[in-house]
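Participant: Curious how this folds, go ahead:
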Amino acid sequence: MPDSLHSVLRRQLKRCFGSLDAVPAALQPLVAMVDETYQQADADRRMLERSLDLSSQELLDANAQLRQAITGLRLAHQDMEARVVERTSALEAAQERLRQTTKMEAVGQLAGGVAHDFNNLLTVIGGCTDLLLASADVRDENRGDLNEIRRAALRATALTQQLLAFSRRQVLQPETIDLTQAVLGLQKMLRRVIREDIALVVDASDAAWVCVDPNQFEQVVLNLVLNARDALPEGGAIRLSVSHEQPPADAASQPGGAGDEYVCVRVADNGVGMTPDVRDRVFEPFFTTKERGKGTGLGLASVYGIVRQSNGSIAVDSVPGGGSTFTIFFPASQPEPGARPPERTDEASGGRRETVLLVEDENAVRRVVRAMLERHGYQVMEAGSAFDACDVFEEHADHIQLLVTDVVMPGMNGPALAQRLVAAKPELPVLFISGYTDLDPNALGLGHRNVGFLSKPITAERLAAKIREIFALS
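Facilitator: A predicted model of the protein is given here:
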């Protein structure tokens, strides 16, 4: 009952009877019922108001929660989209790296095969030229032509060595060396090959021990510095540093394993830089941005091959006008006191009529190497295959004092032949020759240290020096 209606009723009762207490007894129950009804209605009204207030708050709270949930879903959707984009980009980058690696491996395999065949040819060309030059029968007017042939053979040899470096099929002679000392020792030579308007800054102080081929490491540094020099046509600075660092977590083809220590060699310049297209192809063989005739396109390709064959990784960072930085990571090693290398004898020294068993399946190469050996005073027995060599050895084992064998031959290869002959004559020294191989002479298990390797193309002086070195260990 509304307050106004109840108040009017009570005023009328007071006006009629003077006061509510004077209301006749017969009407008292009616008045009590009216009051009770009013009180109940008032209580219901208050309860309804409280209920309405509570429902409104719950609605407000639910609406706030709903808005919060919508905001959370929107943020989650945005995060998911960002992750999808990131994962997609990473997948595309990995696919591109795989494509580049596959392409480099295919080109490297082709280059290695070509280099192997060329090394056989160069052994014949260079060997015959050297033999002719050493002959007293050559007239003076012909010596100039022979020297030109020899120089061309040497240039071709350098080219094939770069191909082998890229294809990772050259034979390395790794040693545990301090790269800091190696870099410091190169400073004088590096300053000679760069121009006076280029500053060379070397940052190398702490010892950095790594197992690499010292000569090949020097070639890597030299090639990178020469590349940096060519990127500074108007002068500038080249920074060469050695430090202990970890490769970035997303680096492709990290050397070593998780938790390993690494040595970082970095060559940076402030030169012209590279576009992304050039940067992506910079390690490809025969790719060059230089003018025609001013570069073979094999300098950085050989760097890539040497580093990868040495269990390292290399990356390049460059932007046009912002210079270039080449970063190499090698697994760190512990310095170990190694055996002193054998003293080298005079390369021109001859043999003492020792008997050599020469095994080579290429007829022209075999003839040239035989002539080289005979020129240096060795007696030579030759075989065109491993099986023929076994027959010769069976008949003349007591006289044969050295086995010189090619590595890759049809039927039975050089290492298998060496194992068979050394099993029959344990003290027999062995010299492997080849254009390329993954052979590790120390891992053949021949039972002695008198094992050597000589890469093709072969010269008479290198062959004689290597044989004297092997005999010195006997």
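Participant: Tell me the bridge partners for the residue nearest to the spatial centre of the chain.
Facilitator: Centrality entry for the chain: nearest residue to the mean C-alpha point is residue 313, 2.3 Å, by CA atoms, centre = their mean. Per DSSP bridges, the residues bridged to residue 313 are residue 329.
Participant: Would you check that it makes contact with residue 329?
Facilitator: Yes: using CB atoms under 8 Å, residue 313 makes contact with residue 329 at a distance of 5.1 Å. Quick note: C-beta positions are derived from backbone N, CA and C, even for glycine.
Participant: what about the strands in the stretch 201-350 of the chain?
Facilitator: 209-212, 236-244, 262-269, 313-318, 324-331 (DSSP state E, counting those that start in this stretch).
Participant: Who are the packing partners of the second one?
Facilitator: The reference is to strand 236-244. helix 179-193, strand 198-203, helix 214-230, strand 262-269 (3 or more CB pairs under 8 Å, 6 or more residues apart in numbering; DSSP states H and E).
Participant: what's the most buried one of those?
Facilitator: strand 262-269 (a mean of 22; mean count of other CB atoms under 10 Å).
Participant: before we move on, the earlier item: could the strands of the stretch 201-350 of the chain be laid out in TSV, adding distance to residue 182?
Facilitator: As requested, these are exported to TSV (distance: least, CB to CB, whole Å):
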stretch	distance to residue 182
strand 209-212	9
strand 236-244	9
strand 262-269	10
strand 313-318	17
strand 324-331	12
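Participant: Which of those sits closest to residue 281?
Facilitator: Closest approach to residue 281 among the strands of the stretch 201-350 of the chain is made by strand 313-318 (10.8 Å; CB to CB).
Participant: and the angle for the closest one with strand 324-331?
Facilitator: 160 degrees (axes from the mean of the first three to the mean of the last three CA atoms, to 10 degrees).
Participant: just checking, what packs against strand 313-318?
Facilitator: Secondary-structure packing of strand 313-318 (3+ CB pairs under 8 Å, 6+ apart): helix 299-309, strand 324-331.
Participant: Quickly list the domain ranges of the protein.
Facilitator: Annotated domains of the chain cover 3-74, 101-167, 175-331, 355-473 [automatic domain parsing].
Participant: if we compare the ones you listed, which one ends up closest to residue 86?
Facilitator: Taking the domains of the chain one by one with CB to CB, domain 175-331 is closest: 11.3 Å.
Participant: what about residue 399, which SS state?
Facilitator: At residue 399, secondary structure determined by DSSP: H, G, I helix; E, B strand; the rest coil is coil.
Participant: ok, now which ones touch it?
Facilitator: Contact partners of residue 399, counting by CB atoms under 8 Å, 6 or more residues apart in numbering, are residue 355.
Participant: can you offset everything so residue one is 686?
Facilitator: Will do, 686 is the new start, and the previous item becomes residue 1084.
Participant: do you know how far it is from residue 1112?
Facilitator: 14 Å (CB to CB, to the nearest Å).
Participant: what does residue 885 give?
Facilitator: Residue 885 is 51 Å from residue 1112, by CB to CB.
Participant: Residue 820 and residue 814: what is the separation?
Facilitator: Counting by CB to CB, the gap from residue 820 to residue 814 is 11 Å.
Participant: Over to residue 865?
Facilitator: Counting by CB to CB - residue 865 and residue 814 are separated by 42 Å.
Participant: got it, and residue 1156?
Facilitator: 27 Å.
Participant: how many other residues sit next to residue 919?
Facilitator: 8 (other CB atoms under 10 Å).
Participant: Next, the contact list for it, please.
Facilitator: residue 882.
Participant: For it, give me phi and psi.
Facilitator: Per-residue torsions, residue 919: phi -110, psi 20 (degrees, to the nearest 10).
Participant: Next one: it relative to residue 1004, how far apart?
Facilitator: 18 Å.
Participant: any idea whether the residue nearest to residue 900 when sequence neighbours are not counted is helix, strand or coil?
Facilitator: In this structure, residue 900 finds its nearest non-sequential neighbour in residue 858, 7.7 Å apart by CB to CB, 6 or more residues apart in numbering. Following three-state DSSP, the label given to residue 858 is coil.
Participant: Phi, psi for residue 720 please.
Facilitator: Backbone torsions for residue 720, taken as degrees, to the nearest 10, come to phi -60, psi -40.
Participant: Nearest to residue 969, out of the helices and strands packed on strand 921-929?
Facilitator: So among these, helix 899-915 is nearest, using CB to CB, at 14.0 Å.
Participant: Which residues outside the closest one are in contact with it?
Facilitator: Counting by CB under 8 Å, 6+ apart, 850, 855, 857-858, 860, 862, 864, 867-868, 871, 874-875, 878-880, 883, 885, 923, 925, 950, 952-954, 956, 975, 984-985, 987-988, 991-992, 995, 1009, 1011, 1013 sit against helix 899-915.
Participant: quick one: buried residues of stretch 698-708?
Facilitator: 698, 708 (16 or more other CB atoms under 10 Å).
Participant: Quick check: end-to-end length of it?
Facilitator: 7 Å (CA to CA, to the nearest Å).
Participant: Please enumerate the strands of the stretch 736-885 of the chain.
Facilitator: Using DSSP E, counting those that start in this stretch, strands in the stretch 736-885 of the chain cover 860-863, 883-888.
Participant: Sheet-wise, list the partners of the longest one with their directions.
Facilitator: Using DSSP bridges, the strands paired with strand 883-888 in its sheet are strand 921-929 (parallel).
Participant: Restricting to C-alpha, output the strand it pairs with in PDB.
Facilitator: Output of strand 921-929 as PDB, limited to C-alpha atoms (Å, rounded to 0.1, in the frame of the first residue of the first chain):
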ATOM      1  CA  GLY A 921      89.100   3.300 -44.300                       C
ATOM      2  CA  ALA A 922      89.700   0.700 -41.600                       C
ATOM      3  CA  ILE A 923      89.900  -3.000 -41.200                       C
ATOM      4  CA  ARG A 924      89.400  -4.500 -37.700                       C
ATOM      5  CA  LEU A 925      90.700  -8.100 -37.000                       C
ATOM      6  CA  SER A 926      89.800  -9.500 -33.600                       C
ATOM      7  CA  VAL A 927      90.100 -12.800 -31.700                       C
ATOM      8  CA  SER A 928      87.900 -13.500 -28.700                       C
ATOM      9  CA  HIS A 929      86.000 -16.100 -26.700                       C
END
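Participant: what's in contact with it?
Facilitator: Contacts for strand 921-929 (CB under 8 Å, 6+ apart): 864-865, 868, 875, 879, 882-889, 891, 893, 906, 910, 913-914, 917, 946-956, 1008, 1017.
Participant: other SSEs contacting the helix or strand of the chain with the lowest mean pLDDT?
Facilitator: The least trusted helix or strand in the chain, going by mean pLDDT, DSSP states H and E, turns out to be helix 688-702, with a mean of 71. With contacts taken as 3+ CB pairs under 8 Å, 6+ apart, helix 688-702 sits against helix 713-819.
Participant: could you give the angle of the helix it packs on to helix 984-994?
Facilitator: Interaxial angle, helix 713-819 versus helix 984-994 (the same axes, to 10 degrees): 110 degrees.
Participant: Run the chain-centre distance for helix 713-819.
Facilitator: Its chain's C-alpha centre and that of helix 713-819 lie 31 Å apart, by CA atoms, centre = their mean, to the nearest Å.
Participant: can you give me the mean pLDDT across that helix?
Facilitator: Across helix 713-819, the average pLDDT comes to 77.
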